[in-house]
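Sequence plus the predicted model coming up.
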There are 2 protein chains.
Amino acid sequence: MYDLTPIIGENLAKLRRKKRLSLDKLSELSGISKAMIGQIERGESNPTVNTLWKIASGLRVSFGKLIDTNQPATELVRLNDITPIIDTDGMTLVPLFSFDNDKGFEIFSVTMPPHSVHEAAGHVGGSEEYVLSFEGNLEVTMETETYTLAAGDAIRFKADQTHTYRNPSDKIVKFQTIIYYS
Amino acid sequence: MYDLTPIIGENLAKLRRKKRLSLDKLSELSGISKAMIGQIERGESNPTVNTLWKIASGLRVSFGKLIDTNQPATELVRLNDITPIIDTDGMTLVPLFSFDNDKGFEIFSVTMPPHSVHEAAGHVGGSEEYVLSFEGNLEVTMETETYTLAAGDAIRFKADQTHTYRNPSDKIVKFQTIIYYS
DNA sequence: TATTTTTGTATGTTATAATATACTTTAATT
DNA sequence: AATTAAAGTATATTATAACATACAAAAATA
């Protein structure tokens, strides 16, 4: 999984230098030992939230500044470079952009083998799905309604209800889905 | 100093319930042991940023949601209820609103005894001060310029340069200052 | 150059975050 | 009611965050 410590270290060192504070001075301002601050800057420690909070306050910067993951302006993702998640019903999920903390959504590329069905229990909490049909004919069912999407079609629905994906054909079906969490 | 653990606990418990997840399920989604999640919810643990990050990601909420300190809509501060900071040169500082992580500024009430001087080294990093004169005549000097403020006057200046407060009179001088950090 | 001061790093110790496991309690099923 | 399952809590152990102190290197002063 994702490790924040190098990012925090970089941010902290940069901010401290910008304010021309020594480890000693920041230690005094924040109430955190300079040894700890040094270790955090070098990415050698995984600080607790309280510690990082005090450092942020001492520095007079927001907490967010310290965990800000200066993402590159552009991020190209090759479908084939990502290891897919194979579901029990044969559906293949490729997380193109997995959930990112400061965005509220994630994007998957999905492949369904011929004559396959995937039933998804509603993800509670007001989430929404946007499905972009990509190849083949996809059937989406929720509650009572069923929709058939041809390549290029799209559908949006509240995902807090149970919904079913079905590929009734002999051919593979592909689509992308954007899941948005309130 | 400020302790985030009860706030995080409350936020986490609330969010997890809203999404109808058990400790076990969230543990599985986040990769953090359910015992730890339980302890955090009860405010019994001060989690590391990496741990909280994983929990936030598992929950599909932003990190900020977990450390969000639902401030009350209104906050009345009585000058006399706050213990002042007495400076070496006799200046008295009362932090009316001390630095708050998600705002970028803080507000002090300041009292200067007769014939007193306070020299402030520039707070580096593009910070700004807004001084609101409240009682008596206040002299503010930065670089070459000197300004004299009567009660009710105000001044704004970049605080990255050395600046001096002076009360040349026989009477007490009071003012408030808002310090804004870039 | 020698001396002092300032800066960051290294080391040993203590407190506690995090885990794994077992336990209790409540809810569901037979 | 008895049994099973699902939920949260308690306990013991391990890993490590955080501190205090001492050290090394660089900068400033004499």
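Here it is on my side, so go on. Residues are numbered from 1 along each chain as shown, chains lettered A, B, ... in the order given.

for chain A, what are the low-confidence residue spans?
Residues of chain A meeting the criterion pLDDT under 70: A:1, A:124-125.

Recalculate using a threshold of 80.
A:1, A:88, A:101-102, A:121-126, A:182 (pLDDT under 80).

can you give me the helices for it?
A:5-18, A:23-30, A:34-41, A:49-59, A:63-66 (DSSP state H).

Just say which of those is most tucked in.
Of these, the one with the most neighbours on average (mean count of other CB atoms under 10 Å in any protein chain shown) is helix A:49-59, at a mean of 22. C-beta here means a position set from N, CA and C on the backbone, and glycine is covered the same way.

Any residue of that one touching chain B?
Yes - if you take CB under 8 Å from any CB of the partner chain as the test, helix A:49-59 does meet chain B, through A:Val49, A:Asn50, A:Leu52, A:Trp53, A:Lys54, A:Ala56, A:Ser57.

show me the contacts for the third one.
A:Leu52 makes contact with A:Ile8, A:Ile40, A:Phe63, A:Leu66, A:Ile67, B:Val49 under the criterion CB atoms under 8 Å, 6 or more residues apart in numbering or on different chains.

Look up how far B:Ser98 lies from it.
Per CB to CB, to the nearest Å, A:Leu52 is found 18 Å from B:Ser98.

returning to that earlier point: how about the residues of helix A:49-59 next to chain B in TSV, adding distance to DNA strand D?
Below are the residues of helix A:49-59 next to chain B laid out as TSV (distance: CB to the nearest atom of the strand, whole Å):
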residue	distance to DNA strand D
A:Val49	8
A:Asn50	6
A:Leu52	7
A:Trp53	10
A:Lys54	8
A:Ala56	13
A:Ser57	13
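
out of these, who's nearest DNA strand C?
A:Asn50 (7.6 Å; CB to the nearest atom of the strand).

and the residue lying closest to the closest one once chain neighbours are set aside, how many neighbours?
The shortest distance from A:Asn50 to any non-neighbouring residue, by CB to CB, 6 or more residues apart in numbering or on different chains, is to B:Asn46 (5.0 Å). As a burial measure, B:Asn46 scores 18 neighbours (other CB atoms under 10 Å in any protein chain shown).

do the same with A:Leu96
For A:Leu96, the neighbour count with other CB under 10 Å is 17.

What of A:Pro72?
Using other CB under 10 Å, A:Pro72 has 6 other residues around it.

ok, now which ones touch it?
A:Pro72 touches nothing, counting by CB under 8 Å, 6+ apart.

Next, give phi and psi for it.
Backbone torsions for A:Pro72, taken as degrees, to the nearest 10, come to phi -60, psi 150.

mind checking how far it is from DNA strand D?
Taking CB to the nearest atom of the strand, to the nearest Å as the measure, A:Pro72 falls 27 Å from DNA strand D.

any idea which residue sits dead centre in chain A?
The centre of chain A sits closest to A:Phe99, judged by CA atoms, centre = their mean, with a distance of 1.3 Å.

gap between it and B:Tyr130?
As judged by CB to CB, A:Phe99 and B:Tyr130 stand 41 Å apart.

And A:Ala151, by the same measure?
Between A:Ala151 and B:Tyr130 the computed distance is 60 Å (CB to CB).

again with A:Asp68
For A:Asp68, the distance to B:Tyr130 - CB to CB - is 27 Å.

where along chain A do the strands fall?
Ranges of strands in chain A, per DSSP state E, are A:85-86, A:92-97, A:105-112, A:116-120, A:128-135, A:138-142, A:145-149, A:154-158, A:163-167, A:173-180.

what about the second one, distance to the chain center?
On the basis of CA atoms, centre = their mean, to the nearest Å, the separation between the geometric centre of strand A:92-97 and that of its chain is 11 Å.
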